[in-house]
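Visitor: quick one, structure for this:
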Amino acid sequence: MDLAQTEAGVLLLGALFLILGLGVWIGMGLLATGLVGVVALPMLMAGMASFPAEKVLGSAVWGSLASWTLAALPLFIWMGEILFRTRLSDDMFRGLAPWVQWLPGRLMHVNVIGCGIFAAVSGSSAATAATIGKMSLPALTSRGYHQPLAIGSLAGAGTLGLLIPPSIVMIVYGVAAEVSIVRLFIAGLVPGLLLMGLFSGYIAIWSLLNPKLVPPADPPMPFKDKLRASGQLFPVLLLIGFVMGSIYFGWATATEAAAFGVAGALALSAWGGTLNRASFAASLMGAVRLSCMINLILAGAAFLTKAMAYSGIPAAMATWVGSQGFSPFTIIALLTIIYLVLGCFIDGISMIVLTASVVLPIIAQTGFDLIWFGIFIVLVVELAQITPPVGFNLFVLQGLTGKGMMTVAAHTMPFFGLLLVAVALVTLFPGLVTFLPNTMMGG
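Guide: A predicted model of the protein is given here:
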């Protein structure tokens, strides 16, 4: 990188931190920083061409939001909002509890399995942790289960909302990186199951090592009664299977499957007696608010990306990294550290759109598969969800338990370590991510 590009990069970075430090919304902060890049930099730096800000802004915003693929985002959010307002969380504990009594750790596994199921209808980490936590923490505490493990497992398993499709973060990354959302959804399946296995495995080993801290099993239940207790879960599982199956087998695009999911969620809500005018309006407004927030961030990031492209910073950065002779593992390790630091200050979606313009050219030049990198970045964003002081899942658990942020973070550390193990595994064995989409959709 030459001196002018270095100075331009430092100025843009300084402007961004200053604007965000003033408490400006992230989307508006990105737009303002883009204006600095398009308007102020050419005035301050000799030799840098100026561009009509209004045309650059218009084309960037339109290009980022006028996407048929992006239409899946509000629909999947709405599907989760509808089911969030049903009795799904109550049915979840009642339906899963009889089936996990034989496992070491018993009902503690409901946190992991319940989060995995709700992740498939929510796409949000915080919503997953909050929904499952509301029903599982009181039930586990009343039965005498070890509260630190219950809190930690819930915070860790709540991050599955980002990895198990349909994932909001995957859609945002897919739009930013211009890769197939369907491939990303398929690629997230094996790592999601791997992470659930790691969490449940830790709970089982901990329980075998601490048998006195595990309450006795509930009285055995006949198979027929188990099926009856799980009856309310079956329709939701069928909806998940239909929505994701239609994507995996190519029957529908992600957007079409999301529309089917909304229709199915409305039907289940009506069948369960929770669909009324108030719940319908609340779910719709919840989806609109979150979708508008994400779209504003995407628009701001697109404008900032254009401003950076005009300055030549991303291309120069990619060339510089390539010339240093860093090994692929070194680059991944550095990116992991950078994202963990960013996760202490901003949310996952903002992390992705903020860094995409600089990081993606480096990844492409290094030769990494962009689908694989999408799953890698989702895993790292999951780590950020349980990283103090701004880990969203930590805030959720703090609100549910009334405990201090650092206490909740301490309970979560074993699951933070398991997430790091998952990051290492998909880095050492990229086939865990790429095999399924390449097999189902061709290499």
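
Visitor: identify each buried residue in stretch 394-405, please.
Guide: Neighbour-count burial for stretch 394-405 flags 394-398, 400-401, 403 (criterion: 16 or more other C-beta atoms under 10 Å). Every residue, glycine included, has its C-beta placed from N, CA and C.

Visitor: got the contact list for the most centrally placed residue in the chain?
Guide: Central residue of the chain (C-alpha atoms, centre = their mean): residue 162, 2.6 Å from the mean position. Residues near residue 162 by C-beta atoms under 8 Å, 6 or more residues apart in numbering: 119, 123-125, 168-170, 348, 378, 381-382, 385.

Visitor: reformat those as JSON lines; add pLDDT and distance to residue 307.
Guide: As requested, these are arranged in JSON lines below (pLDDT from 0 to 100; distance: C-beta to C-beta, whole Å):
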{"residue": "119", "pLDDT": "78", "distance to residue 307": "35"}
{"residue": "123", "pLDDT": "67", "distance to residue 307": "30"}
{"residue": "124", "pLDDT": "69", "distance to residue 307": "30"}
{"residue": "125", "pLDDT": "74", "distance to residue 307": "30"}
{"residue": "168", "pLDDT": "80", "distance to residue 307": "26"}
{"residue": "169", "pLDDT": "83", "distance to residue 307": "24"}
{"residue": "170", "pLDDT": "86", "distance to residue 307": "26"}
{"residue": "348", "pLDDT": "71", "distance to residue 307": "23"}
{"residue": "378", "pLDDT": "88", "distance to residue 307": "26"}
{"residue": "381", "pLDDT": "83", "distance to residue 307": "24"}
{"residue": "382", "pLDDT": "83", "distance to residue 307": "30"}
{"residue": "385", "pLDDT": "77", "distance to residue 307": "29"}
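
Visitor: next step: those restricted to strands.
Guide: Using DSSP state E, no member of these falls in strands.

Visitor: which secondary structure elements does the helix or strand containing residue 152 contact?
Guide: Assigned by DSSP states H and E, residue 152 belongs to helix 147-158. Helices and strands touching helix 147-158, by 3 or more C-beta pairs under 8 Å, 6 or more residues apart in numbering; DSSP states H and E, are helix 109-122, helix 125-142, helix 189-209, helix 392-401, helix 405-428.

Visitor: tell me the most buried of those helices?
Guide: helix 109-122 (a mean of 27; mean count of other C-beta atoms under 10 Å).

Visitor: if I look at residue 325, what pLDDT would I see?
Guide: Residue 325 carries a pLDDT value of 69.

Visitor: right, I mislabeled it, should have said residue 375
Guide: 92.

Visitor: count of residues packed around it?
Guide: 29 (other C-beta atoms under 10 Å).

Visitor: could you check the angle the helix or strand encompassing it makes with helix 189-209?
Guide: Assigned by DSSP H and E, residue 375 falls within helix 370-385. Angle, helix 370-385 to helix 189-209, by axes from the mean of the first three to the mean of the last three C-alpha atoms, to 10 degrees: 40 degrees.

Visitor: check which helices and strands the helix or strand hosting residue 330 sits against.
Guide: Following DSSP H and E, the helix or strand that holds residue 330 is helix 328-343. For helix 328-343, the elements it packs on are helix 348-366, helix 370-385, helix 405-428, judged by 3+ C-beta pairs under 8 Å, 6+ apart.

Visitor: average pLDDT for that helix, rounded please.
Guide: Averaging pLDDT along helix 328-343 gives 81.

Visitor: go on, stretch 58-67?
Guide: 70.

Visitor: thinking again about what came up before, distance from whichever strand or helix holds the residue nearest to the centre of the chain to the middle of the chain?
Guide: Using DSSP H and E, residue 162 maps to helix 160-163. Chain-centre distance of helix 160-163: 5 Å, with C-alpha atoms, centre = their mean, to the nearest Å.

Visitor: try stretch 158-176
Guide: With C-alpha atoms, centre = their mean, you get 4 Å for stretch 158-176.

Visitor: again, but for stretch 228-240
Guide: 24 Å.

Visitor: what residues sit buried inside it?
Guide: 229-230, 232-233, 235-236, 239-240.
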